[in-house]
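*Asks:* Okay, sequence plus prediction incoming.
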Amino acid sequence: MQTLRVPADREGIIKAVRVLAQGGLVAFPTETVYGLGANALDSQAVLSIFRAKGRPADNPLIAHVSGIAQAREYGRWGPLAQDLAQAFWPGPLTLIVERLDSMPSQVSAGLPTLALRLPGHEAARALITACGFPLAAPSANRSGRPSPTTAQHVLDDLEGLIPLVLDGGPSQVGLESTVVDVTGGHPRILRPGAVTPEMIAMAVGECQVADAVMRQLAPQEAAPSPGMRHRHYAPRARMTLVEGPPEAARERLLRLAQGRDDTWVLALEGLLPRTPGLQLRSLGRDAREAAHRLFHLLREADQQGVRQIYAQTLPRDGLGLAVMNRLARAANFNTIQAGETPDEEPMERKD
Ligand code: AMP
Ligand code: MG
């Protein structure tokens, strides 16, 4: 199959609607990352998303809707969902509600719940509205690879496997949406994103974060969200986080990476000097810029055959929590403490 890449304009959207209405797959831009969409009401089309991505069958998709009215047709809509949707839709917020029978169970991998989102990206919204049906869409990467934040990333993973990519330029946020479970009547974050716990608490007075967000699940432990169980965001390089006060982290990172061509260091501006012999890749000035760049950097590291990546840790407030969640998962929770007795070689990552 040849994959066509067209601008996400009126003409491109008309093409995309035609493909989607016939049960085909279309990758499209959103403000978080690129999504791989299918008609959510067509079970066969939905199943072909899992095939194209190589996605485990138990990992549910997000149904992208054209508005609150459409969301209510497919999910049990309580006052908390309403308040959060009013505060943050359109935008990078996914709500987990009870699924109604009008939504095929394949979309949520057989779960009784359903993930719903109204994206903020204008082309994405125009596409969903023009379709008239909701779009089931996970991120448009091969399973286990970092999510795509450009049309080129999508092609790198799915060229030849899908008929069409709408190119809307780089994704503004760069990390996947915040996933919030509202089925319990209290908001509980299952995946942090650009809508932060602080923002949710401001809007509805409270917000929990599932503690599994920042740690590895035990083998027998129940996952609050199936996505937590799967390996995610993995670059091919071995990746290690270096945690600790800036002074100690700086010293440790330099010691680990200086003079090694196949080793990259990801750090915010100002932590490390730009010196010859140090493969420093900037995460930008703050968590927002780090979110925007992270997946691109991980993919670039793969392309260049980097063998080891060290990354500094970020404060876990605001968007920092989302960046740290992705970094920790990319590193398979491999962390060393700067400032403690050096254990030079971190544990070999087991894949
Ligand atoms: P992706 O769009 O590729 O980031 O994948 C969607 C993610 O949303 C999944 O990996 C899950 O973590 C989460 N998700 C989707 N549906 C549900 C659900 N019903 N319950 C909990 N988490 C969900
Ligand atoms: Mg994904």
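*Replies:* The structure has been received and is ready for your questions. Ligands and ions are numbered 1, 2, ... in the order given.

*Asks:* can you list the residues of the stretch 151-300 of the chain near ligand 1?
*Replies:* The stretch 151-300 of the chain has residues 176, 179, 190-191, 225-227 near ligand 1, with proximity defined as CB under 6 Å from any ligand atom. Backbone N, C-alpha and C define where each C-beta goes, glycine included.

*Asks:* Of these, which is the nearest to ligand 1?
*Replies:* Distance to ligand 1, by CB to the nearest ligand atom, is smallest for Gly227 among these, at 2.2 Å.

*Asks:* how about the closest one, what does it touch?
*Replies:* Applying CB atoms under 8 Å, 6 or more residues apart in numbering to Gly227 gives the contacts 59, 179, 190-191.

*Asks:* With Ala63 instead?
*Replies:* 40, 74, 103, 107, 114-117, 134-136.

*Asks:* Can you tell me, leaving aside adjacent residues, what's nearest to Glu269?
*Replies:* Leaving aside its sequence neighbours, Glu269 sits nearest to Arg285 (CB to CB, 6 or more residues apart in numbering; 5.0 Å).

*Asks:* Which of the contacts of Gly227 fall in strands?
*Replies:* Of these, the ones assigned to strands by DSSP state E are 179, 190-191.

*Asks:* Can you tell me which of those residues is nearest ligand 2?
*Replies:* Using CB to the ion, Arg191 comes nearest to ligand 2 of those, at 9.8 Å.

*Asks:* What residues does the closest one make contact with?
*Replies:* 94, 176-179, 213, 225, 227-228, 325.

*Asks:* beta partners of Thr263?
*Replies:* Beta-bridge partners recorded for Thr263 (DSSP bridges): Gln308.

*Asks:* What about it, how many residues nearby?
*Replies:* 19 (other CB atoms under 10 Å).

*Asks:* Thought Gln304 was touching it, still the case?
*Replies:* No. Look at Thr263 against Gln304 with CB atoms under 8 Å: they stay out of range, at 11.5 Å.

*Asks:* so where is this protein shaky, pLDDT-wise?
*Replies:* Where the chain drops to pLDDT under 70, the residues are 229-232, 341-351.

*Asks:* So the residue most central in space within it: helix, strand or coil?
*Replies:* Against the mean C-alpha coordinate of the chain, by CA atoms, centre = their mean, the closest residue is Glu176 at 2.9 Å. Look at Glu176: counting by DSSP: H, G, I helix; E, B strand; the rest coil, its state is coil.

*Asks:* Which of the contacts of Ala63 fall in helices?
*Replies:* Residues of these located in helices (DSSP state H): Tyr74.
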